[in-house]
Structures are given as structure tokens and as C-alpha cells.
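Engineer: compute the structure for the input listed below.
(2 chains)
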Amino acid sequence: RKEVEQDPGPFNVPEGATVAFNCTYSNSASQSFFWYRQDCRKEPKLLMSVYSSGNEDGRFTAQLNRASQYISLLIRDSKLSDSATYLCVVLTGNQFYFGTGTSLTVIP
Amino acid sequence: DTGVSQNPRHKITKRGQNVTFRCDPISEHNRLYWYRQTLGQGPEFLTYFQNEAQLEKSRLLSDRFSAERPKGSFSTLEIQRTEQGDSAMYLCASGGDVGNTIYFGEGSWLTVV
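Structural biologist: Numbering: from 1, shown residues only, chains lettered A, B, ... in the order given. This is a model prediction of the structure:
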């Protein structure tokens, strides 16, 4: 079983839409959680950390449900510049495990 | 600019040749990771250093792959006798305290022909 699983999409949404991505992880001992953004042929860049209490950064909201081993990312009022691949990342011990990523295209 | 530097950025090599990639992490970071990424996949863990000690290696890292971080600063990843299946982007990332996030370099693209 993969450490981190994500729906690869693609998600094609109009500008201004709200879109949600989900991710599950397999190891209940995992200690930290993140969302990274990756543009085509570029390196992954940290979008935000994810906390059990939920956290928000502008139009982005991340949630963690430890009981269900589930992580989510909500993007409100989508912009064209949000088009990218979103990677769910889980830290277990010393290792960061990456999902395959969810592709988002925001359409004018 | 995250401060992690990788070179070369692109490398085209013939099958069977050796290649070496270098990573210069953010200066105060003691953790350093190497990942490999192919199209449509997330980064796959290769190896992890804490300071100069190589603490973990993936089973993906065959005996043709070797990584070093001799002084706990920069790191090299060498691939010997390259195969076409080695074609990928090789990413280096560094981090500070355990549990904190990691920051990636721009990656080194390898094409084996």
C-alpha cells in the first residue's frame, strides 16, 4: 500500500470556483503534513503546513483528520495562476512521502 | 529563491556513462535529501543525510547509485553505468530541525540516450 494516495485528477475548473483536493496516508505514526505546489517541469514548493486544528492562508484552507488519516486542501476563488499540480506530503520518521499529485487547471 | 542550488541543471549522457550531480543546501540546514521524479509521479525518496551521516537509503538506490556529503555541507549523487530508466529529474532538498519542512533545489534533469 502506498504511503500517500491522491486523486490525480485532472481538475478543470472555471475562474472563481472553489475546488477541494483530498489525500489519505497509511501510517498512523506520521507526524507532520504539508501541501506543496509544483508547476510544470519545476521543483515542488511549499504551499502550507497542515495542522489538526485546520489552518488558512488567504484563499487556501488545509485540514487534517488524524482519526481518518485524511488531509484536504480547499482553494476558494480560483485564479488562473493556481493552475499547477498539488502534492500531498507526509513526514514519517525522517522521511517525507509524496503523493503523485493532483493536477489543477483553472479556465478563464 | 529557496537557496538550494543544484548543478548541472541538465545532463544528456550516453547509456553506460557515469554522471554526478551536486547539491548545495541552505547553509544552516543539517538535513539533506535526494529524490527522483519522473513524469506524472511524485518525488521518490532516494537517500537522506543528517550532517555528514547517510542515515537512510531507499531500496530504489541500486548499487549503481552512490551519494556523499563529506563535510556535512554540499552533497553529490553519482550514477554509474547509466541506463535509460535512469532518465528523470533528480531533486535535492534541505531542511533544518526535524519535523520542519524541506526546501527543494530546481532539480537536475538527466536524459540517458
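
Engineer: which ones are touching the residue in chain A that chain B sits nearest to?
Structural biologist: Nearest residue of chain A to chain B (CB to the nearest CB) works out as A:Phe98 at 3.5 Å. For the C-beta atoms, the positions are set from N, CA and C on the backbone; glycine is no exception. Contacts for A:Phe98 (CB atoms under 8 Å, 6 or more residues apart in numbering or on different chains) come out as A:4, A:36, A:44, A:87-89, B:35, B:42-44.

Engineer: B:Asn7: which of those is nearest?
Structural biologist: Distance to B:Asn7, by CB to CB, is smallest for B:Tyr35 among those, at 16.5 Å.

Engineer: hmm, the longest strand anywhere in chain A touching chain B?
Structural biologist: Secondary structure of chain A per DSSP state E: the longest strand is strand A:84-92. Yes: using CB under 8 Å from any CB of the partner chain, strand A:84-92 reaches chain B at A:87, A:91.

Engineer: still on that earlier bit, can you report how many residues neighbour the closest residue to the residue of chain A closest to chain B other than its chain neighbours?
Structural biologist: Among residues not flanking A:Phe98 along the chain, B:Gly42 sits closest, at 3.5 Å (CB to CB, 6 or more residues apart in numbering or on different chains). Neighbours of B:Gly42 under the rule other CB atoms under 10 Å in any protein chain shown: 23.

Engineer: Three-state assignment for B:Gly42, please.
Structural biologist: Using DSSP: H, G, I helix; E, B strand; the rest coil, the structure places B:Gly42 in coil.

Engineer: picking up where we left off before, just the buried residues of the contacts of A:Phe98.
Structural biologist: Using 16 or more other CB atoms under 10 Å in any protein chain shown as the burial test, the contacts of A:Phe98 include A:4, A:36, A:44, A:87-89, B:35, B:42-44 as buried.

Engineer: would you mind putting those residues into JSON lines with distance to A:Asn65 and pLDDT alongside?
Structural biologist: Output for the buried ones among the contacts of A:Phe98, formatted as JSON lines (distance: CB to CB, whole Å; pLDDT from 0 to 100):
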{"residue": "A:Val4", "distance to A:Asn65": "15", "pLDDT": "95"}
{"residue": "A:Tyr36", "distance to A:Asn65": "20", "pLDDT": "97"}
{"residue": "A:Pro44", "distance to A:Asn65": "23", "pLDDT": "97"}
{"residue": "A:Leu87", "distance to A:Asn65": "19", "pLDDT": "97"}
{"residue": "A:Cys88", "distance to A:Asn65": "13", "pLDDT": "97"}
{"residue": "A:Val89", "distance to A:Asn65": "16", "pLDDT": "96"}
{"residue": "B:Tyr35", "distance to A:Asn65": "27", "pLDDT": "96"}
{"residue": "B:Gly42", "distance to A:Asn65": "21", "pLDDT": "93"}
{"residue": "B:Pro43", "distance to A:Asn65": "24", "pLDDT": "95"}
{"residue": "B:Glu44", "distance to A:Asn65": "26", "pLDDT": "93"}
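
Engineer: list just the nearest of these to A:Asn22.
Structural biologist: A:Cys88 (8.4 Å).
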